[in-house]
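1. This is a predicted model, with the sequence first.
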Amino acid sequence: MIIYLIGFMGVGKTTVGTKLAEDMGYEFVDTDEMIESKEGLIINEIFEQKGEDYFRKLETDTIKELVNKDNIVVSCGGGIIKNKTNVQLMKESGRVILLESPAEVIYERVKDTDNRPLLKGRNNIDGIRSLIEERQPLYNMAFTDRVNADAKPANVVAKIKELL
Ligand code: S3P
C-alpha cells in the first residue's frame, strides 16, 4: 500500500509520516526532500530561481516515480493538490490521508520558520487562514480519509492506522 499524507504546510505530515512508517515497517519519503536532492537546491531557491510552475512540475515527476512503489508513506508538499494530475495519480495508486489543524495551531508551528516561500508576507494567522480557505476545495477533492492533526503525533498515527 502507498499512504500519501496531504495537508497544509506545518500540519505535521513529516513528523506523523515518519512515525507512521516506522510503526508499519514502511519506507518513508518526503516529496520536498526528494525534489531538493534532485535539484541540488533548497525549496526557497527553486521558487526564487525557477518559479512555482517549475516546482509544481517537479512535484508531478516525483509522484510519477512513486506510484508503482509499495509499503511506503509519502509526505507530500502542501500544494501538491494544486495539480489535478497529482491528485488523480495519488488516488489511483494509494490512500490519500488529509491532515487538518486550525490556522492558529499551524501558525504556532511555522511562525519561526522561513523555509516556505508561499508563507512569505502572510506568515500570520489571517494569512494562513485565508490560504487554507482558498485551498480547502482542492484538499476536499483529494482525500480518501481526513484526520484531525491537532493532537500528539502518536495519537494522529493511531487514528490513521484505525482508518487503514
Ligand atoms: C508548499 C508546501 C511546502 C513546499 C513548498 C510549497 C505549498 O511543503 O512544498 O514550500 O504550496 O503548500 P510543506 O507542506 O511540507 O511545508
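-> Now that the structure is in, tell me what you want to look at.
2. how about Asn86, what does it touch?
-> With contacts taken as Cβ atoms under 8 Å, 6 or more residues apart in numbering, Asn86 has the following neighbours: 59-60, 63, 80. Every C-beta, even on glycine, is put in place using the N, C-alpha and C of the backbone.
3. and Asp114, how many neighbours?
-> By the other Cβ atoms under 10 Å criterion, the neighbourhood of Asp114 contains 10 residues.
4. Next, it: phi, psi?
-> With angles defined as degrees, to the nearest 10, Asp114 shows backbone torsions of phi -140, psi 30.
5. got it, and the one 10 residues further on?
-> In this entry, Asn124 is assigned phi and psi values of phi -150, psi 170 (degrees, to the nearest 10).
6. Please tell me how far the closest residue to it other than its chain neighbours sits from the ligand.
-> The shortest distance from Asn124 to any non-neighbouring residue, by Cβ to Cβ, 6 or more residues apart in numbering, is to Tyr107 (6.9 Å). If you measure Tyr107 against the ligand using Cβ to the nearest ligand atom, to the nearest Å, the figure is 13 Å.
7. Ok, Arg129 next?
-> 14 Å.
8. List the contacts of the helix or strand where that residue lies.
-> When elements are defined using DSSP states H and E, Arg129 is found to belong to helix 125-142. When contacts are defined by Cβ under 8 Å, 6+ apart, helix 125-142 is touched by residues 6-8, 78-79, 81-82, 87, 90-91, 96, 98, 100, 103-104, 106-107, 110, 118-119, 121-122.
9. ok, now with 6 Å
-> Contact partners of helix 125-142, identified using Cβ atoms under 6 Å, 6 or more residues apart in numbering, comprise 6, 8, 81, 87, 96, 98, 103-104, 106-107.
10. got a markdown table for the residues you listed, with secondary structure too?
-> As requested, the contacts of helix 125-142 are exported to a markdown table (DSSP: H, G, I helix; E, B strand; the rest coil):
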| residue | secondary structure |
| --- | --- |
| Ile6 | strand |
| Phe8 | coil |
| Ile81 | helix |
| Val87 | helix |
| Val96 | strand |
| Leu98 | strand |
| Ala103 | helix |
| Glu104 | helix |
| Ile106 | helix |
| Tyr107 | helix |
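11. Run a quick neighbour tally on the residue nearest to Asn124.
-> Burial of Tyr107 is recorded as 19 neighbouring residues (other Cβ under 10 Å).
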